[in-house]
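Asker: Below are the sequence and a predicted model for it; my questions follow.
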Amino acid sequence: MAELDWHAERTDLAALAQLDRSPEDAGIDLVAVRGHRLGRVRAEMATRDIAAVILTDPVNIRYATGARNMQVFSQRNAPSRYLLLTADRSILFEFTGCAHLADGLETIDEVRVARTASYVAAGPDIAAREAAWAAEMADLIHSLVGKGATLGLERLNAGTAIALRDQGLRIVDAQEPVEMARAIKSAEEMKCVNASLRATEIGVAKLRAAIRPGLTEAELWSVLHQSVIAQNGDYVETRLLNAGERTNPWFQETTDNVIGENELIALDTDVVGCHGYYSDFSRTFHSGPGKPTTTQRELYKVAYEQVHHNMGILRPGMTFRDYADAAWDIPDKYYANRYYLSAHGCGMTGEYPYLYHHGDFPDAGYDGVIEPGMTLCVESYIGAEGAAEGVKLEQQVLMTETGMEVLSRFPFEDDLLR
């Protein structure tokens with residue numbers, strides 16, 4: 001596919017017109033990417049005096065090592081594969097029969113077969129399985145970092161975590177060091193982010209071109225899926241494409257609802273794409289064949305204003321509290337249905353930090369600093385409570401040493417901005 005032609009008369013598509021090569025042929029030094037990520041996890045562990053972590057989240061295993069295997073399956077069936085990481089050892093416990101998948105990864109010192117401690121695997125012998133698993137892991141950890149060490153854990157069934165504690169390990173949560181590691185991207189890592197975005201934009205272009213009344217939401221949404229998978233992306237994390245009255249309120253999952261004439265169609269990509277990186281931007285389209293109504297254009301323009309105001313105030317060194325104070329004031333009639341965040345971090349999935357609206361900050365917000373190397377997604381949902389339709393828009397950006405760079409290039413809708 002040598003060329004994209006969404007609307008030939010448009011002049012804002014020039015930067016996206018030639019995308020005929022695989023987005024993974026971008027000259028990315030993946031060894032450097034993996035080394036940076038692994039180094040960041042270890043540095044954050046050292047800062048907190050955590051001698052070892054056991055990572056079970058497949059996204060975090062991939063972040064730390066580059067190893068990918070059955071991502072969605074592994075999220076449900078923990079710990080079907082897991083990573084033991086110390087300051088100088090990286091041991092991947094891989095699903096039975098899959099040890100070869102880690103061949104060639106310099107981030108992994110050893111691969112062993114995982115011993116799944118779950119009720120599905122062990123049945124009524126689960127307690128004995130958990131105790132045996134914990135004893136085996138504790139012996140290994142003690143041999144690597146000594147007895148009484150601090151161990152960071154991710155999601156495990158309760159019995160397994162309790163059994164590990166009973167082995168004399170000091171247990172802490174591994175979320176903080178891993179999230180703080182993931183928050184800052186290297187320049188080489190950003191090539192992976194951009195490759196994922198470019199591939200997703202191709203998929204959204206195909207989806208946009210396929211819009212017509214009479215399709216179901218699921219049929220239209222599947223166009224994006226096909227393109228993402230064909231370009232070696234991983235999966236779509238949510239089902240967020242809705243049309244007409246199902247655009248308000250937000251968070252109504254894609255169904256077999258039939259798209260009608262002259263309706264709004266709202267999409268949040270939420271694509272885990274090339275190299276495992278999250279491509280997260282939102283757009284709202286019009287189904288035609290007529291022109292958007294005054295109300296539809298008003299909703300769109302208000303959402304557009306919110307996103308661009310909040311992008312405009314972002315700067316390195318800004319605190320989360322200062323951002324909330326300076327962020328766009330949501331008009332009263334749209335406040336009840338506001339998106340739950342003003343912005344959020346973005347890497348291999350949505351991640352730290354969460355930036356809250358001014359009104360939500362006292363109850364939900366926490367402070368921190370917006371730093372260079374953070375990638376953020378600036379959000380807007382605009383739809384009056386009880387009204388017919390709503391608009392979802394979102395832009396993915398990179399914080400630099402001097403300001404902010406927009407990463408998502410998919411254009412906005414001229415007909416809805418007039």
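Answerer: Okay, I see it.

Asker: is it true that V172 lies in a strand?
Answerer: Yes - checked against DSSP: H, G, I helix; E, B strand; the rest coil, V172 lies within a strand.

Asker: That one: how many residues sit nearby?
Answerer: 16 (other CB atoms under 10 Å). Any C-beta I mention is one placed from the backbone N, CA and C, and that applies to glycine too.

Asker: now it, which residues is it bridged with?
Answerer: Counting by DSSP bridges, V172 forms beta bridges with G152.

Asker: Now name the helix or strand holding the residue lying closest to L241 once chain neighbours are set aside.
Answerer: For L241, ignoring the flanking residues on the chain, the nearest one in space by CB to CB, 6 or more residues apart in numbering is W221 at 4.3 Å. Here W221 sits within helix 217-230, counting by DSSP states H and E.

Asker: Now that helix - C-alpha only, CSV.
Answerer: Only the C-alpha atoms of helix 217-230 are listed here, as CSV (Å, rounded to 0.1, in the frame of the first residue of the first chain):
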residue,chain,number,x,y,z
GLU,A,217,-20.2,-0.3,15.2
ALA,A,218,-18.5,-3.7,15.5
GLU,A,219,-18.1,-4.0,11.7
LEU,A,220,-16.5,-0.5,11.5
TRP,A,221,-14.3,-1.1,14.6
SER,A,222,-13.0,-4.4,13.0
VAL,A,223,-11.4,-2.3,10.2
LEU,A,224,-9.0,-0.9,12.8
HIS,A,225,-8.3,-4.3,14.2
GLN,A,226,-7.4,-5.9,10.9
SER,A,227,-5.0,-3.1,10.0
VAL,A,228,-3.3,-3.2,13.4
ILE,A,229,-2.7,-6.9,13.3
ALA,A,230,-1.6,-6.9,9.7
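
Asker: neighbouring strands for the helix or strand that it is followed by, and are they parallel or not?
Answerer: Per DSSP H and E, the first helix or strand lying C-terminal to helix 217-230 is strand 235-236. Next to strand 235-236 in the sheet, as set by DSSP bridges, lie strand 271-272 (antiparallel).

Asker: What is the subsequent helix or strand relative to the partner strand?
Answerer: For strand 271-272, the following helix or strand on the C-terminal side (DSSP H and E) is strand 278-279.

Asker: if I read this right, Y335 contacts G359, doesn't it?
Answerer: Yes - Y335 is within contact range of G359, at 7.5 Å (criterion: CB atoms under 8 Å).

Asker: Now do stretch 85-93: distance from first to last residue.
Answerer: For stretch 85-93, the first-to-last residue distance is 11 Å (CA to CA, to the nearest Å).

Asker: what residues does it touch?
Answerer: 38, 41-42, 45-46, 51-55, 61, 64-65, 67, 79, 81-84, 102, 107-115, 140-141, 144-145 (CB atoms under 8 Å, 6 or more residues apart in numbering).

Asker: Contact partners for the spatially most central residue of the chain?
Answerer: Geometric centre of the chain, nearest residue: T349, 1.9 Å, by CA atoms, centre = their mean. Residues in contact with T349 (CB under 8 Å, 6+ apart) are 59, 237, 272, 278.

Asker: ok, now S408?
Answerer: By CB under 8 Å, 6+ apart, S408 lies in contact with 197, 201, 279, 281, 394-397.

Asker: Need those residues in CSV (columns: pLDDT and distance to I265).
Answerer: Output for the contacts of S408, formatted as CSV (pLDDT from 0 to 100; distance: CB to CB, whole Å):
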residue, pLDDT, distance to I265
L197, 97, 21
E201, 98, 17
S279, 97, 19
F281, 98, 15
E394, 98, 15
Q395, 98, 18
Q396, 98, 20
V397, 98, 24
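
Asker: Count the residues that sit near the nearest residue to H357 once chain neighbours are set aside.
Answerer: Using CB to CB, 6+ apart and skipping the chain neighbours, the partner closest in space to H357 is S342 (5.1 Å). Applying the criterion other CB under 10 Å, we find 27 residues in the vicinity of S342.

Asker: Next: S282.
Answerer: 27.

Asker: can you check D139 too?
Answerer: That count, for D139 with other CB under 10 Å as the rule, works out to 11.

Asker: Tell me if it really is in a strand.
Answerer: No - the assignment for D139, made by three-state DSSP, is helix rather than a strand.

Asker: looking at this protein, which helix or strand does the model trust least?
Answerer: helix 119-122 (a mean of 79; mean pLDDT, DSSP states H and E).

Asker: outside of that one, which residues touch it?
Answerer: Counting by CB under 8 Å, 6+ apart, 77, 116, 126, 128-130, 157 sit against helix 119-122.

Asker: Buried ones among those?
Answerer: 77, 116, 126, 129-130 (16 or more other CB atoms under 10 Å).

Asker: In the beta-sheet assignment, what are the partners of S90?
Answerer: L85.

Asker: Which of the contacts of S408 has the largest number of neighbours?
Answerer: S279 (30 neighbours).

Asker: was I right about it contacting A195?
Answerer: No - taking contacts as CB under 8 Å, S279 lies outside contact range of A195: 9.3 Å.

Asker: quick one: common contacting residues for these two?
Answerer: Counting by CB under 8 Å, 6+ apart, the common neighbours of S279 and A195 are G273.
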